[in-house]
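K.L.:
Predicted model, plus sequence, below.
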Amino acid sequence: MRKDKQTYRVAALAAPLAMALVMAAPAKAADAMDTYWKAAPTTTAWVNPYGECWQGVDGENLEPCAAFTPRAPLVMRLLFNLDRYQLNEIRNPEELRKVDDLIAEFQATPREEVVTIVGHTDKLGSWEHNVVLSENRASTIKQYMIDKGYPERAIRSVKGVAWEGGDDVAADGAVIDLGPLENNPLRRRVVVTELGPDQLKN
């Protein structure tokens with residue numbers, strides 16, 4: 001998602017333009033395609049209903065393209081002060097370098113990555129209070145990403161789930177046991193997740 005390219009668009013928003021380009025594509029690629037991503041002014045790629053990925057120059061000379069695998073979710077163990085959610089109330093601001101690195105990776109790619117941001121808490125206080133608190137913490141990271149140059153349109157959703165968000169998943173798919181719900185700093189986190197093609201269609 002190189003930010004100097006204004007033509008990159010999220011899949012769902014680019015559908016009308018891509019379908020117009022598809023008319024010039026071979027029949028094998030033009031049948032009932034859904035837009036996947038628009039990479040640049042001269043290169044467009046689609047994923048069709050069968051999960052097949054095609055790419056080409058100006059909608060011509062289409063060939064199969066590599067399968068897309070989203071990155072593992074980014075988990076930030078942000079130590080906010082008790083009952084706080086502002087950036088200046090994080091006791092380990094160096095943890096924000098993780099999202100800086102993620103944004104840099106995204107900006108180096110030709111497509112526009114779409115993400116969700118979810119805030120979590122441990123089980124200290126009421127559920128109602130912690131839902132609001134966890135969403136506020138997630139919103140803080142959303143604003144941080146926007147301030148760092150990440151397009152707001154590429155952030156699909158922001159929500160808080162208190163302690164009901166479950167455990168984390170490692171890059172290899174293994175479930176990470178975070179331990180007890182009560183008074184556990186491992187559960188106080190914000191998770192940024194990149195969406196894959198199937199999720200982008202919803």
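P.N.:
Yep, that arrived. Numbers count the residues shown, from 1 in each chain.

K.L.:
How is this structure divided into domains?
P.N.:
Structural domains annotated on the chain: 11-64, 74-200, as defined by automatic domain parsing.

K.L.:
Quick one: the strands in this protein, in order.
P.N.:
Under the criterion DSSP state E, strands of the chain are mapped to 34-40, 43-47, 53-57, 60-64, 74-76, 115-119, 155-160, 168-169, 175-176, 190-194.

K.L.:
Worst mean pLDDT among those?
P.N.:
Sorting the strands of the chain by mean pLDDT places strand 34-40 lowest, at a mean of 40.

K.L.:
Skipping adjacent residues, who's closest to residue 122 in space?
P.N.:
Using Cβ to Cβ, 6 or more residues apart in numbering and skipping the chain neighbours, the partner closest in space to residue 122 is residue 187 (4.1 Å). For glycine as for every other residue, the C-beta is placed from the backbone atoms N, C-alpha and C.

K.L.:
let me redo that: residue 186
P.N.:
Nearest to residue 186 is residue 178, by Cβ to Cβ, 6+ apart, at 4.6 Å.

K.L.:
does that neighbour really touch residue 191, like I thought?
P.N.:
No. In this structure, residue 178 is not within contact of residue 191 by Cβ atoms under 8 Å, at 11.6 Å.

K.L.:
Common neighbours of those two, please.
P.N.:
residue 168 (Cβ atoms under 8 Å, 6 or more residues apart in numbering).

K.L.:
who's in contact with residue 121?
P.N.:
Residue 121 touches 130, 133, 134, 137, 160, 162, 163, 187, 188, counting by Cβ under 8 Å, 6+ apart.

K.L.:
Isn't the residue nearest to residue 122 up against residue 120?
P.N.:
Yes. The criterion here is Cβ under 8 Å, and residue 187 meets it with residue 120 at 5.8 Å.

K.L.:
what are the phi and psi values for the residue nearest to residue 186?
P.N.:
Main-chain dihedrals, residue 178, degrees, to the nearest 10: phi -90, psi 0.

K.L.:
all helices of this protein, in order?
P.N.:
For the chain, applying DSSP state H gives helices covering 11-22, 27-30, 97-107, 127-147, 197-200.
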